[in-house]
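Participant: Here is my input, please return the structure:
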Amino acid sequence: MGMYLIINIIGLVVFLAIAFLFSKNKKNIQWKSIGVMILLNLLLAWFLTSFGIGRAIVSGAANGFNWLVQVAYIGIEFALPSWVHVKNMDFVTSALLPILLIVPLFDILTYIGVLPFIIKWIGKGLSFITGQPKFESFFAVEMMFLGNTEALAVSSLQLNQIKAQRNVTLAMMSMSCVTASIIGSYIQMMPGRFILTAIPINIINSIIVTSLLNPITVTPEEDTIAKLSGEGESGKKEPFFSFLGDSILGAGKLILIIAANVIAFVALAALIDKILQLFNPWLTLEHILGIIMYPFAWLLGLGHDSFQMAQYMGTKLVTNEFVVMGKVTDIINDFNPHFEAVLTVFITSFANFSTLGMIIGCFKGIVNKEKNDVISMNVGYMLLSGVLVSLLSAAFVGLFVW
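Facilitator: Numbering: from 1, shown residues only. The predicted model follows:
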């Protein structure tokens, strides 16, 4: 363990150094703020993985999401009794259909003002602790509850007010998001304690990485938070049941989008493998990606598991987290604790190629062409940001789980 722990620590330093190396403005980096956030993440990872109370908190949250999923199964069973409580529930039933309850639930909490209140005060607290601009901190918390494109959509007023380079920061942060409404699906497939540990650590890492890659000076006059779309506007609120109907339809579309993506990506990857194997039986997408990602996996202190981890990392970036979860869900408990923790944390994010398209498309519908062109010119930085946040989160948590 000793040697692998040292490698894990070196990995953490290397991932931060890569962010520094690619920084757009090295002189403008606020090192004090970066130091505070690194310390905060070390304390968070330590507390949530190594202390009884920390583990109890994440276990309690995981049990809460599991309870929600079990309640969702009541509705699924009513409509599709033959799909529930069978020996092996399929991916759509076990992981995706519960979204039909969880998304509307979070939307209701937003409608009645509970979620905006929580997001606002956690965001303010995070800004105070980290010394980062209020809106960037607010947005990081907002993404955790609402998702990346949803957080961008409700922040459209702010996105149009701030300068283009701050929009680039938000686009890069959007690569590292996970959505609370999808956590129930993740927990059905992977260890819930590590999924829930990854989420707050991802939030802070997204601020660390963007503060290194794209440091920006924000004046006190610019450091404001605009109202959310629809918040406090003179127009009347949409009638509750009309709103709820739209939310349920949105949840249904989300299920179809995820299912379609998983089916298409798995099939396309299989097609590429078949073509590659015409040249060499060993040649597969996973093996190629495994070679590319191997140094990064090795720096996570995985030893002989590094190549396997590298293949999962590559697959996740090219496809999405659900594809990897589907591959490992039946064998994850056989992995050693460090591998289990590092893998689960790394794949707990939306950082992949398809997310790039989603974010760029979302900005196109919100900001003017000039600002959108700046986003499009920084696609490489967006992908780099997403990968570095996943690597840093895995490295932070990996330090304390062996």
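
Participant: Local confidence estimate at Met89?
Facilitator: At Met89, the model reports a pLDDT of 66.

Participant: next one: Leu39
Facilitator: 95.

Participant: again with Asp330
Facilitator: pLDDT recorded at Asp330 is 88.

Participant: try the one 5 residues further on
Facilitator: Predicted confidence (pLDDT) at Phe335: the value is 90.

Participant: Nearest residue to it in space, please, no chain neighbours.
Facilitator: Nearest in space to Phe335, with sequence neighbours left out and distances taken as C-beta to C-beta, 6 or more residues apart in numbering, is Leu343 at 7.0 Å. Backbone N, C-alpha and C define where each C-beta goes, glycine included.

Participant: then the strand or helix carrying that neighbour to PDB, C-alphas only?
Facilitator: Leu343 is part of helix 337-347, with elements assigned from DSSP states H and E. Coordinates of each C-alpha in helix 337-347 appear next as PDB, following Å, rounded to 0.1, in the frame of the first residue of the first chain:
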ATOM      1  CA  PRO A 337     -11.500  -1.200  -2.100                       C
ATOM      2  CA  HIS A 338      -9.100   1.300  -3.700                       C
ATOM      3  CA  PHE A 339     -10.000   0.200  -7.300                       C
ATOM      4  CA  GLU A 340     -13.700   0.200  -6.400                       C
ATOM      5  CA  ALA A 341     -13.500   3.700  -4.900                       C
ATOM      6  CA  VAL A 342     -11.300   5.300  -7.700                       C
ATOM      7  CA  LEU A 343     -13.400   3.800 -10.500                       C
ATOM      8  CA  THR A 344     -16.700   4.800  -9.000                       C
ATOM      9  CA  VAL A 345     -15.600   8.400  -8.300                       C
ATOM     10  CA  PHE A 346     -14.000   8.800 -11.800                       C
ATOM     11  CA  ILE A 347     -17.200   7.800 -13.700                       C
END
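
Participant: helix or strand right after it?
Facilitator: Following helix 337-347 toward the C-terminus (DSSP H and E): helix 353-364.

Participant: how far does that next one sit from the chain's center?
Facilitator: On the basis of C-alpha atoms, centre = their mean, to the nearest Å, helix 353-364 sits 15 Å off its chain's mean C-alpha point.

Participant: correct me, but Ile102 touches Trp67?
Facilitator: No: counting by C-beta atoms under 8 Å, Ile102 stays clear of Trp67, with 11.3 Å between them.

Participant: Which of those two has more residues huddled nearby?
Facilitator: Counted by other C-beta atoms under 10 Å, Ile102 and Trp67 do not tie: Ile102 has more neighbours, with 22 against 11.

Participant: Contact partners for that one?
Facilitator: Taking C-beta atoms under 8 Å, 6 or more residues apart in numbering, we find Ile102 in contact with Leu68, Val69, Ala72, Ala180, Ser181, Ile182, Gly184, Ala251.

Participant: Grab the nearest non-local neighbour of Leu109.
Facilitator: Of all residues not flanking Leu109 in the chain, Leu115 sits nearest, at 4.3 Å (C-beta to C-beta, 6+ apart).

Participant: and the gap between the one you found and Pro239?
Facilitator: According to C-beta to C-beta, to the nearest Å, Leu115 stands 19 Å off from Pro239.

Participant: which one of those two has more residues nearby?
Facilitator: Taking neighbours as other C-beta under 10 Å, Leu115 and Pro239 compare with Leu115 leading, 18 against 9.

Participant: quick one: that one from Ala180, how far?
Facilitator: To Ala180, Leu115 is 9 Å away according to C-beta to C-beta.

Participant: Quick check: neighbours shared by those two?
Facilitator: Common neighbours of Leu115 and Ala180 are listed as Phe106, Phe145, Leu146 (criterion: C-beta under 8 Å, 6+ apart).

Participant: Please convert the residues you listed to JSON lines, extending it with pLDDT, distance to Asn261 and neighbour count.
Facilitator: Output for the shared contacts of Leu115 and Ala180, formatted as JSON lines (pLDDT from 0 to 100; distance: C-beta to C-beta, whole Å; neighbours: other C-beta atoms under 10 Å):
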{"residue": "Phe106", "pLDDT": "79", "distance to Asn261": "21", "neighbour count": "20"}
{"residue": "Phe145", "pLDDT": "77", "distance to Asn261": "22", "neighbour count": "19"}
{"residue": "Leu146", "pLDDT": "73", "distance to Asn261": "20", "neighbour count": "26"}
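
Participant: with those residues in mind, which one is nearest to Val36?
Facilitator: Phe145 (23.5 Å; C-beta to C-beta).

Participant: Chain neighbours aside, what residue packs nearest to the closest one?
Facilitator: Using C-beta to C-beta, 6+ apart and skipping residues adjacent in sequence, the residue nearest Phe145 is Ala180, 4.9 Å away.

Participant: okay, now that neighbour: neighbour count?
Facilitator: For Ala180, using other C-beta under 10 Å, the count is 19.

Participant: now do Ile292
Facilitator: Residue crowding around Ile292 was assessed by other C-beta under 10 Å; the count is 13.

Participant: Likewise for the one 4 residues further on?
Facilitator: Other residues lying near Phe296 total 24 when counted by other C-beta under 10 Å.

Participant: pretty sure it is touching Tyr312, no?
Facilitator: No: the criterion here is C-beta under 8 Å, and Phe296 misses it with Tyr312 at 11.8 Å.

Participant: Check the chain for its longest helix and report it.
Facilitator: What stands out as the longest helix in the chain, according to DSSP state H, is helix 240-277.

Participant: buried stuff in that helix?
Facilitator: Using 16 or more other C-beta atoms under 10 Å as the test for burial, helix 240-277 gives 243, 247, 251, 254-255, 258-259, 261-262, 265-266, 269, 276.

Participant: From the contact counts, what lies against that helix?
Facilitator: The helices and strands touching helix 240-277, judged by 3 or more C-beta pairs under 8 Å, 6 or more residues apart in numbering; DSSP states H and E, are helix 99-111, helix 285-298, helix 306-318, helix 321-328.

Participant: what comes into contact with the third one?
Facilitator: The contact list for helix 306-318 (C-beta under 8 Å, 6+ apart) reads 265, 269, 285-294, 296-298, 300, 302, 323-324, 327-328, 339, 342-343, 346-347, 351-353, 387.
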